[in-house]
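Peer 1: I would like to see how this sequence folds:
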Amino acid sequence: MKAISRRHFLRGAGVAMAVPFLDSMIPSGFGKVAKAAAKTASKPPVRLGWLFFPNGVVQENWNIEKAGRDFVFNKSNAALDAVRDDVLMISNLSQKKIFKVEVDAAGAHARGSSAFITAAKAKKTNGKDIYLGISADQVAARELGQSTRLPSIELGVEAGKQEGRCDNGYSCAYLSNISWRSPTQPSGVEVNPRRAFDRLFGLVGEEAEAFKMRSAQRKSVLDFVQDDAKSLRRKVGATDKQKLDEYYQSVREVELYIDRVASMEPIDIDPSLRPDPEPESVIHHMRLMYDIIALAFQTDSTRILTNMLADGQTNRVYEHLGLTSGHHQLTHSKNKDAEIQRIDQFVTEEFARFIAKMKSIPEGEGSLLDNCMIMYGSGLADGRKHTFDNLPCVVAGKGGGAIDTGRHLSVDETTPVANLYLSMLQTAGCEVSSFGNSTGPLAGLKEIS
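Peer 2: Predicted coordinates for the structure are as follows:
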């Protein structure tokens with residue numbers, strides 16, 4: 001039987017729905033050519049993700065002392081112990097060399113968030129003459145994006161301003177974007193879960209009109225592809241049938257979650273404290289975006305993704321944690337470390353939940369997570385002191401075998417974070433020899449036997 005294309009789509013009125021990696025996509029045969037093709041096809045692609053949280057961390061509650069496998073998590077990252085075998089904790093990565101000539105100590109939040117995955121120093125301006133650098137995700141999108149329907153996806157959990165002055169003379173664009181297609185063009189951020197979901201499955205042009213009506217009619221995307229789905233089911237074996245059923249269930253669960261959150265009663269608070277009211281709860285918003293990331297990678301709709309958990313200088317009030325002051329305000333108030341630590345712990349708990357979900361999705365001989373390199377970190381090390389050395393950094397996933405997880409890797413304190421990004425790009429198949437201010441691929445991702 002002829003193998004199904006890895007880029008197989010279920011199609012309907014205005015819908016192009018990619019399917020997950022199936023055994024039926026592996027060529028069969030006994031000749032050398034067939035065996036070589038089967039070996040290549042059976043290896044899932046590596047996906048890259050960058051997850052950004054703002055304002056750094058309270059380092060006393062984040063830093064890990066002992067390197068190697070026999071390490072102990074700290075208070076703020078303790079939730080990662082549940083996914084210990086699937087993460088690599090990295091200490092001492094730095095952006096300090098980018099800002100080594102400090103003529104302006106202010107604007108640290110804008111400089112940190114803009115440099116997060118560009119490894120570049122932002123031009124100080126609050127006008128339209130912004131200038132930065134291309135980000136690592138867009139380097140990957142240019143080289144690998146043609147392999148998927150969407151070259152990359154840029155998500156967020158808080159709407160930020162794209163123009164004007166936001167941080168001591170720096171443009172708001174530097175705080176609201178971590179992905180940059182060129183030095184003068186940020187990629188933009190999609191913060192609406194429904195639009196993000198629709199983007200995974202919708203087409204463009206006239207064909208998309210029927211699909212655009214789906215949200216208003218509360219119809220499932222699965223309704224549009226029923227015929228194609230039945231046809232595919234007749235072509236695959238029992239294992240693939242089970243994978244497809246689980247995938248369809250995942251898609252429907254996200255749809256229902258979006259609808260449920262959208263129908264919730266608004267929370268009665270000062271709207272100025274919640275700049276993005278859809279959905280109301282930051283917990284629901286984070287989880288929806290994480291679920292959409294999982295779907296995007298599961299279907300191979302894209303292999304490149306960024307997600308901003310908040311604006312680079314967010315002053316969001318995390319009321320569900322019992323807090324009454326904004327995040328940024330807390331970093332500049334005395335004796336507020338305990339409150340900041342609760343925020344650090346909360347966002348890491350949600351990240352750990354996402355990692356567990358990715359681990360639960362089978363792919364090839366392992367899990368979807370095994371074929372990912374997902375970096376979780378911040379543009380600042382300490383939001384109170386505005387430092388750029390010893391940045392908080394976690395890498396989840398094994399990168400298709402390129403990473404030995406379950407360890408704490410402590411690197412030399414002069415190591416630029418760009419070294420990690422260079423390794424991520426090369427692992428995914430990008431033909432690059434440098435990135436930003438990198439000095440080479442990051443050493444230590446694999447254990448020395």
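
Peer 1: can we go C-alpha only for contacts and neighbour counts from here?
Peer 2: Will do.

Peer 1: Please tell me how far A418 sits from P392.
Peer 2: To P392, A418 is 14 Å away according to C-alpha to C-alpha, to the nearest Å.

Peer 1: Check S187 too.
Peer 2: The value you get for S187 to P392, if C-alpha to C-alpha is used, is 24 Å.

Peer 1: Give me the more crowded residue out of the two.
Peer 2: P392 (26 against 18; other C-alpha atoms under 10 Å).

Peer 1: who touches the more buried one in this structure?
Peer 2: Going by C-alpha atoms under 8 Å, 6 or more residues apart in numbering, P392 touches G56, V57, W62, N63, I90, S91, G377, S378, A381.

Peer 1: Equivalent analysis for R47, please.
Peer 2: F297, T302, R303, I304, N371, C372, M373, I374, G399, A428.

Peer 1: One more: D311?
Peer 2: Applying C-alpha under 8 Å, 6+ apart, the residues contacting D311 are P54, E158, A159, G160, L175, S176.

Peer 1: So what's the residue count around the fifth one?
Peer 2: By the criterion of other C-alpha under 10 Å, L175 has 26 neighbours.

Peer 1: Okay, now the unreliable bits of the stretch 201-350 of the chain?
Peer 2: Applying pLDDT under 70 to the stretch 201-350 of the chain flags residues 203-208, 210-218, 262-280.

Peer 1: distance of I134 from S378?
Peer 2: Taking C-alpha to C-alpha, one finds I134 at 18 Å from S378.

Peer 1: Repeat that for N126.
Peer 2: Counting by C-alpha to C-alpha, the gap from N126 to S378 is 23 Å.

Peer 1: neighbour-wise, which of those two wins?
Peer 2: S378 (26 against 19).

Peer 1: per-residue confidence at the more buried one?
Peer 2: Here, the pLDDT recorded for S378 equals 97.

Peer 1: So L305, which state does it fall into?
Peer 2: For L305, the assignment made with DSSP: H, G, I helix; E, B strand; the rest coil gives strand.

Peer 1: on that earlier part again, which ones among the contacts of R47 are found in helices?
Peer 2: F297, A428 (DSSP state H).

Peer 1: Pick out the most distant pair among the contacts of R47.
Peer 2: Farthest-apart pair in the contacts of R47 is T302 and G399; separation 15.6 Å (C-alpha to C-alpha).

Peer 1: Name the residues that touch stretch 115-129?
Peer 2: 50, 52, 95, 98-99, 111, 114, 130-137, 163-166, 169-172, 174, 178-180, 184, 378-379, 417-418, 421, 435-437.

Peer 1: now the strand or helix carrying F351, how far from the centre of its chain.
Peer 2: Following DSSP states H and E, one finds F351 within helix 337-359. Centre-to-centre, helix 337-359 and its host chain are 14 Å apart (C-alpha atoms, centre = their mean, to the nearest Å).

Peer 1: which strands and helices sit next to it?
Peer 2: Applying 3 or more C-alpha pairs under 8 Å, 6 or more residues apart in numbering; DSSP states H and E, one finds that helix 337-359 contacts helix 282-298, helix 327-331.

Peer 1: for those helices, which one sits closest to G366?
Peer 2: Per C-alpha to C-alpha, nearest to G366 of those: helix 282-298, 12.9 Å.

Peer 1: What residues sit buried inside that closest one?
Peer 2: 282, 284-298 (16 or more other C-alpha atoms under 10 Å).

Peer 1: I'd like to know how many residues surround E431.
Peer 2: For E431, using other C-alpha under 10 Å, the count is 12.

Peer 1: Wasn't it part of a strand?
Peer 2: No - the assignment for E431 (three-state DSSP) gives coil, which keeps it out of a strand.

Peer 1: What about the contacts of stretch 115-129, which are in helices?
Peer 2: R111, S114, A136, D137, C172, Y174, A418, Y421.

Peer 1: Compare those and tell me which has the most neighbours.
Peer 2: Y174 (35 neighbours).

Peer 1: Pull up the gap between that residue and K123, please.
Peer 2: 10 Å.

Peer 1: domain parsing for the chain?
Peer 2: 1-43+199-275, 47-191+308-449 (automatic domain parsing).

Peer 1: Most tightly packed of those?
Peer 2: domain 47-191+308-449 (a mean of 20; mean count of other C-alpha atoms under 10 Å).

Peer 1: just for the stretch 51-200 of the chain, where's the confidence low?
Peer 2: 100-105.

Peer 1: Kindly recompute the last result at 90.
Peer 2: Within the stretch 51-200 of the chain, the stretches with pLDDT under 90 are 96-107, 126-128, 147, 149, 159-169, 194-195, 198-200.

Peer 1: Stretch 81-94: how far from the chain's middle?
Peer 2: 16 Å.

Peer 1: what about it, start to end distance?
Peer 2: Rule used - C-alpha to C-alpha; the end-to-end distance of stretch 81-94 is 24 Å.

Peer 1: ok so, going back, tell me which of the buried residues of helix 282-298 is nearest to A338?
Peer 2: The closest of those, once distances to A338 are taken by C-alpha to C-alpha, is V282, at 20.2 Å.

Peer 1: where does the residue nearest to A428 when sequence neighbours are not counted land on pLDDT?
Peer 2: In space, A428 comes closest to V46 once its chain neighbours are excluded; the distance is 5.2 Å by C-alpha to C-alpha, 6 or more residues apart in numbering. On the pLDDT scale, V46 is placed at 97.

Peer 1: give me every residue that touches V46.
Peer 2: R303, N371, C372, M373, G399, G400, T427, A428.

Peer 1: Distance of the closest residue to G436 other than its chain neighbours relative to G112?
Peer 2: Leaving out its chain neighbours, the residue that sits closest to G436 by C-alpha to C-alpha, 6+ apart is A119, at 5.1 Å. In this view, A119 and G112 are 9 Å apart by C-alpha to C-alpha.

Peer 1: nearest residue to I374 other than its sequence neighbours?
Peer 2: I374 sits nearest to G49 (C-alpha to C-alpha, 6+ apart), 4.4 Å away.

Peer 1: Repeat that for V19.
Peer 2: T299 (5.1 Å).

Peer 1: who does the longest helix anywhere in the chain touch, helix- and strand-wise?
Peer 2: Scanning the chain for the helix with the most residues, using DSSP H, yields helix 238-262. The contact analysis (3+ C-alpha pairs under 8 Å, 6+ apart) places helix 238-262 against helix 282-298.

Peer 1: chain center to the host helix or strand of L409: distance?
Peer 2: Using DSSP H and E, L409 sits within strand 407-410. Strand 407-410 sits 21 Å away from the centroid of its parent chain (C-alpha atoms, centre = their mean).
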